[in-house]
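Student: Got a sequence here, can you model it:
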Amino acid sequence: MGRMHAVNDSTAAYHAVLFSPDLAPKLLSSLDRASKVALRCVNKAMRSQVDASIVVVASPASGFSPVALSAALVRWGGMHDLTLLAASGTDLAPLATATLAGLTNVTVRQANAGAALRSLTFSSSVAATLQTIDVSGCELRSIDFVRSCVELRCLWMPGCDSVSDLSPLAACSETLEELWMAADNSVVSLAPLKACTRIRKLDLRGCASETHEQVEELQLACTQLADPASVQLESLLHDLKANMPAEMLQSALWKVGEKILQGGRAAQTAIAAAGAGPVLVELLGPGSSSGVQMDAAWAVHSLAEGHAANQAAIAAGAIPALVQLLVGPATPANVRTAAAGALGGLAKGNAENQAAVTAAGAIPALVQLLGTVSSPFAQMQAAGALGIIADDHAQNQSDIAAAGAVPALVELLGPGCSADMQAHSAGALRSLAADHAQNQAAITAAGAIPALTRLWGPGSSTFVQWAAARALRNLLDSDSGGDCSE
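Tutor: Numbers count the residues shown, from 1 in each chain. I've put the predicted structure just below:
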């Protein structure tokens with residue numbers, strides 16, 4: 001068989017729902033993220049069944065159903081992968097008695113702090129064949145469940161900060177290759193790992209300093225062990241999986257931005273090469289919480305800005321998703337702001353993406369974001385994005401002006417606006433005016449020249465003066481044949 005996902009989510013009230021594969025595309029548009037993950041994986045796995053049916057086992061918001069799980073474990077006794085989302089300890093009782101022929105991978109996500117997963121038990125049948133266990137974010141107090149897992153190769157337990165004893169890993173000392181335990185401050189001794197001579201990857205992000213100090217000694221016994229710092233990126237991208245709790249996703253998304261800020265272009269390249277682009281695009285979708293969508297948008301901005309290869313790689317998926325967030329009437333203001341910033345990062349210095357952003361319908365929404373109902377930060381992001389989209393692109397210059405951006409941008413040059421706002425607005429006007437006589441006339445008629453002249457004066461910061469001077473040059477020097485970019 002293949003994969004089977006049991007899902008329990010407050011927005012997924014499906015209980016033992018049976019439907020055929022041809023309905024899947026129609027259902028995907030209305031399902032939450034967890035159910036989409038379940039549906040796609042189960043669909044792929046169940047194609048070999050005679051009746052080609054797909055089953056998503058879920059229960060109403062009142063609680064996960066152990067009965068449904070028991071039935072599923074019996075029906076799909078040959079499954080290899082089992083993912084249990086939003087589960088508590090009592091929900092998983094059937095795993096302690098299940099008889100399965102070849103389950104190799106188990107992923108568990110706990111429901112919430114009120115229904116914490118304190119312990120986990122596998123039957124001897126289940127434990128005998130398990131190779132990967134992922135309990136990221138669960139509030140487990142021990143890893144005794146691995147004592148019978150003699151074939152275990154990979155244990156993911158980041159965020160399980162109540163686990164202090166690694167001695168149960170002795171049971172899999174001859175097979176364990178990867179241990180991911182980020183943010184587990186309870187573990188102070190790595191001594192039990194010395195018997196795990198095949199271990200190659202050990203993630204210690206956020207763990208107690210005592211554990212980091214033991215790595216060199218551990219490497220003497222475990223000669224294949226890589227420097228824990230070298231596996232941090234892989235661990236970070238694991239945390240971006242769609243079935244992670246929202247708070248873990250947001251934390252991981254922030255860390256993506258931090259790594260790029262610290263590592264620059266090299267970090268952008270490495271994170272993209274590790275597969276972050278498609279993951280970020282998926283997290284922009286309607287199945288994510290607004291907080292995850294916002295942080296995913298800023299991560300896209302960080303990944304794309306100034307990196308042509310990354311811009312090209314993720315544009316096809318990211319631009320439509322971001323524009324959908326930008327224009328969606330129910331999109332929260334902070335998400336709309338982040339979407340504007342991300343579109344600017346994707347379009348900066350990239351003519352193809354400039355055109356794609358416009359074709360997707362972003363300009364009217366960005367101009368609307370310049371309005372007084374938006375926060376100053378949102379207005380600044382909109383002005384910046386419009387300036388980038390217009391830069392050296394005649395058609396976009398015309399479309400942005402036609403959408404009504406000019407009066408709004410001139411208004412944002414006023415004395416009541418911040419220096420950053422004034423600089424962004426002046427930059428957008430510079431792009432709109434460059435080698436475009438019609439826009440030059442419209443910007444002049446809107447009163448930009450007196451406003452920019454005032455900003456050029458001694459009362460403004462050097463950055464604002466520079467932005468104002470560049471805009472004035474493009475407005476006044478219409479015979480120069482091009483943009484003043486220096």
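
Student: what's the neighbour count on residue 252?
Tutor: By other CB atoms under 10 Å, 24 other residues sit near residue 252. The way it works is simple: take the backbone N, C-alpha and C, and place the C-beta from them, glycine included.

Student: nope, residue 466 is what I meant
Tutor: If we define neighbours as other CB under 10 Å, then residue 466 has 16 of them.

Student: what's the helix or strand for it?
Tutor: For residue 466, the element it lies in under DSSP states H and E is helix 462-476.

Student: Now do the buried residues in that helix.
Tutor: Of the residues in helix 462-476, 464, 465, 466, 467, 468, 469, 470, 471, 472, 473, 474, 475 count as buried by neighbour count, 16 or more other CB atoms under 10 Å.

Student: wait, isn't the last one in contact with residue 442?
Tutor: No. Under the criterion of CB atoms under 8 Å, residue 475 makes no contact with residue 442, lying 10.5 Å away.

Student: wait, which of the buried residues of helix 462-476 is closest to residue 428?
Tutor: residue 471 (8.6 Å; CB to CB).

Student: Near the nearest residue to the closest one once chain neighbours are set aside, how many residues? Count them for me, please.
Tutor: Computed as CB to CB, 6 or more residues apart in numbering, the closest residue to residue 471 that is not its neighbour in sequence is residue 430, at 4.1 Å. Using other CB under 10 Å, residue 430 is surrounded by 26 other residues.

Student: Show the pLDDT at residue 430.
Tutor: pLDDT, residue 430: 96.

Student: buried residues in the helix or strand where it lies?
Tutor: Per DSSP H and E, residue 430 falls inside helix 419-433. Within helix 419-433, the residues that qualify as buried are 420-433, counting by 16+ other CB under 10 Å.

Student: Pull the residues that contact it.
Tutor: Outside of helix 419-433, the residues within contact range by CB atoms under 8 Å, 6 or more residues apart in numbering are 376, 379-380, 383-384, 386-388, 390-392, 397, 400-401, 405-406, 409-410, 412-413, 417, 439-440, 443, 448, 452, 455, 460-461, 463-464, 467-468, 470-471, 473-475, 483-484.

Student: Look at residue 410 and say how many residues are nearby.
Tutor: 23.

Student: residues contacting it?
Tutor: Contacts here follow CB under 8 Å, 6+ apart; on that basis residue 410 touches 425, 429, 443, 446, 447, 448, 451.

Student: In JSON lines, list those residues along with distance to residue 78 and secondary structure.
Tutor: Below are the contacts of residue 410 laid out as JSON lines (distance: CB to CB, whole Å; DSSP: H, G, I helix; E, B strand; the rest coil):
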{"residue": "425", "distance to residue 78": "63", "secondary structure": "helix"}
{"residue": "429", "distance to residue 78": "66", "secondary structure": "helix"}
{"residue": "443", "distance to residue 78": "69", "secondary structure": "helix"}
{"residue": "446", "distance to residue 78": "70", "secondary structure": "coil"}
{"residue": "447", "distance to residue 78": "74", "secondary structure": "coil"}
{"residue": "448", "distance to residue 78": "71", "secondary structure": "helix"}
{"residue": "451", "distance to residue 78": "72", "secondary structure": "helix"}
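
Student: Make a markdown table out of the residues you listed and add distance to residue 182.
Tutor: Converted to a markdown table, these look like this (distance: CB to CB, whole Å):
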| residue | distance to residue 182 |
| --- | --- |
| 425 | 42 |
| 429 | 47 |
| 443 | 52 |
| 446 | 53 |
| 447 | 55 |
| 448 | 52 |
| 451 | 51 |
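
Student: Please indicate which of those residues are buried?
Tutor: Among those, those classed as buried by neighbour count (16+ other CB under 10 Å) are 425, 429, 443, 446, 448, 451.

Student: Low-confidence ranges, the stretch 151-300 of the chain, go.
Tutor: Flagging of the stretch 151-300 of the chain using pLDDT under 70 yields the residue ranges 184, 229-230, 241-244.

Student: residue ranges for the helices of it, please.
Tutor: 209-213, 215-221, 232-238, 246-273, 276-283, 290-304 (DSSP state H, counting those that start in this stretch).

Student: Of these, which stretch is the most buried?
Tutor: helix 290-304 (a mean of 25; mean count of other CB atoms under 10 Å).

Student: Run the chain-centre distance for that one.
Tutor: 6 Å (CA atoms, centre = their mean, to the nearest Å).

Student: for that helix, packing partners?
Tutor: Counting contacts by 3 or more CB pairs under 8 Å, 6 or more residues apart in numbering; DSSP states H and E, helix 290-304 packs against helix 246-273, helix 276-283, helix 308-327, helix 333-347.
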